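Trainee: Here is my input; please provide its structure:
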Amino acid sequence: MTRVQNRRAPARGGELDDCLRACAVHSGKLVGSLDRRRTELAEQLRKLLVVHTMVDTAPAPAPAGGATALLKRAVKGATAPAGGIGNELLDALLAVANKALECGYDDELNLALVISETVLAQRKNSRAGWRLRARALEAAGEEREAIEAYERYLELTNEDGFGVAARIAGMRRAGERERELLDLLKRQCPRAADHTRGPATDIWAEGLALHALGDWAEAEPRLVGALLVLAADEAPVADRQELLGQYLDLRTGLADADPAALGEAVALYAEQRRIRMRGPVADPTIGGVQWITLGEFRNLVAGKSICLIANSGRVGASSLGKEIDDYDLVVRFNSYKIDPKHTGTRTDIHATIHKHGFNWDKPVTTRLVFGGISGDWKHSLRNRLVPGAQQYLGDESLRWPLRNIGHIGADAWSGIPTTGFNMLWLLDFLDVSPTLDLIGFDFYESGAYRVQEAMKLAITSVHEYTSEKAWVMQRAQSVTDMRISLR
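Mentor: Residues are numbered from 1 along each chain as shown. Down below sits the predicted model:
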């Protein structure tokens, strides 16, 4: 029998000690797991418990001025807000929750919900906390609550680099189409209204039994009635979608099915599923953008002096703005920040990873979007590209330069190449630029310099910064404090 359940009651958190205890218990459940995602979650849980141990054993400073309240202990180097959770512990909790969501199982989803509510109980205006809560609720199929959480996130941020507004629009539009579909089914099967009292599970089971006996006239009102009950109860989206799909499959198999009526229902079902997966697409042509291949990109940069601007603290204090603007082509990365005095004003080429949407609305001549998995890359392009914000857009041949063009696999380069390294490798490989300068590349030794919303993003360990630096220095023709010249 298909799975039909009552609306999920999200796991509740709030108390930090209870949340950490839940994390410790869950860590024990993952011992010996062969699932890669759960193995990665186990590693993040291990790191969290290490950080928690450091917090718990750190010496507490003596209260000043005769204060009697105990001061919250914090990890060295991390501030402890009034809520009592330090930055390092917060980051570790968020890392666990993100991995838990990637697992996709109910136990891990519940853990992510507990963490999200704990974070928000400690820091009610945490952008990361609200976004985490929204993602967890969306994964649980609680769209109404997810939309509320996403909206709260947008209220707290100036940069929608994660495409939250599009997610909200997609869920709302899909909900409208689903309601249109149910209204259509009620009109096509008026007797369904007689079967909307009682548990959806029982009504659905009755409908399946009657269908098995060949009595579709009595089965259909019950099946549609169960769908209406699920919608009225705001059952999780996955349950509603599963049963809608099964109902349409049963109806398709009928010898005397009305093709026109069935086609109208299937079209609405397909549209709301499609919108949930990719969001609404206002302009499928992306403003008439011109796709360019590897060869066409080569022609665009041939003979031009090029500078690549790092998102580093060193650039943010460089006063090199005028010199940067004097190059023929200025290349910037991901969540770059513009400060004319230090960074210059022009961006001719924006190279970005597909996972984030920072600066995709900023007008540039060429936008290259990098990504390792073709399907995910295409999904991001459909959802994140802003019509009119770019004249040229790199096609599949430019999707993942180091791996796909250089054929350099993980055996030779184990880390995931950064956006900056993919771009630099590509330009070095093409070898058609008389000047190829890197400005402010210190491989994050001076910290990050990004748009505000991206400053909380971790400098991830999946990249081989040491290997990338060695590759650059082996090819450098000259090196100064601010500039590395490869040509």
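Trainee: Roughly how far does Ala454 sit from Val114?
Mentor: 27 Å (CB to CB, to the nearest Å). Where C-beta positions appear, they are placed from N, C-alpha and C, glycine not excepted.
Trainee: should've said Thr201
Mentor: 27 Å.
Trainee: okay, Ala454 and Val114: which has more neighbours?
Mentor: Val114 (25 against 20; other CB atoms under 10 Å).
Trainee: Need the mean per-residue confidence for the helix or strand where that one lies.
Mentor: According to DSSP states H and E, Val114 maps onto helix 106-122. Mean pLDDT, computed over helix 106-122, is 94.
Trainee: Just checking the distance from the next helix or strand after it to the centre of its chain.
Mentor: Counting by DSSP H and E, the next helix or strand C-terminal to helix 106-122 is helix 127-139. Computed by CA atoms, centre = their mean, to the nearest Å, the chain-centroid distance of helix 127-139 equals 11 Å.
Trainee: Touching helix 127-139 from outside, list them.
Mentor: Residues from elsewhere that reach helix 127-139 (CB atoms under 8 Å, 6 or more residues apart in numbering): 10, 90, 94, 97-98, 101, 104, 109, 112-113, 115-117, 119-120, 123, 143, 145-147, 149-150, 152-153, 156-157, 162, 164, 167, 171, 453, 456.
Trainee: Could you tell me how many residues sit around Pro363?
Mentor: So Pro363, with other CB under 10 Å, has 12 neighbours.
Trainee: What segments of this protein are strands?
Mentor: Assigned by DSSP state E, the chain shows strands spanning 290-292, 305-309, 329-333, 349-353, 364-370, 390-394, 435-439, 478-479, 483-485.
Trainee: Can you add mean pLDDT and give those back as a markdown table?
Mentor: Formatted as a markdown table, the strands of the chain follow (pLDDT from 0 to 100):
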| stretch | mean pLDDT |
| --- | --- |
| strand 290-292 | 94 |
| strand 305-309 | 98 |
| strand 329-333 | 98 |
| strand 349-353 | 97 |
| strand 364-370 | 97 |
| strand 390-394 | 95 |
| strand 435-439 | 97 |
| strand 478-479 | 95 |
| strand 483-485 | 96 |
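Trainee: Turn the ones you listed into CSV, columns for distance to Glu445.
Mentor: Output for the strands of the chain, formatted as CSV (distance: least, CB to CB, whole Å):
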stretch, distance to Glu445
strand 290-292, 34
strand 305-309, 16
strand 329-333, 17
strand 349-353, 21
strand 364-370, 23
strand 390-394, 30
strand 435-439, 14
strand 478-479, 14
strand 483-485, 13
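Trainee: Make a markdown table from these and add mean neighbour count and distance to Thr418 to it.
Mentor: Shown next, in a markdown table, are the strands of the chain (neighbours: other CB atoms under 10 Å; distance: least, CB to CB, whole Å):
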| stretch | mean neighbour count | distance to Thr418 |
| --- | --- | --- |
| strand 290-292 | 15 | 22 |
| strand 305-309 | 23 | 12 |
| strand 329-333 | 24 | 8 |
| strand 349-353 | 24 | 8 |
| strand 364-370 | 22 | 9 |
| strand 390-394 | 20 | 17 |
| strand 435-439 | 21 | 13 |
| strand 478-479 | 11 | 20 |
| strand 483-485 | 18 | 15 |
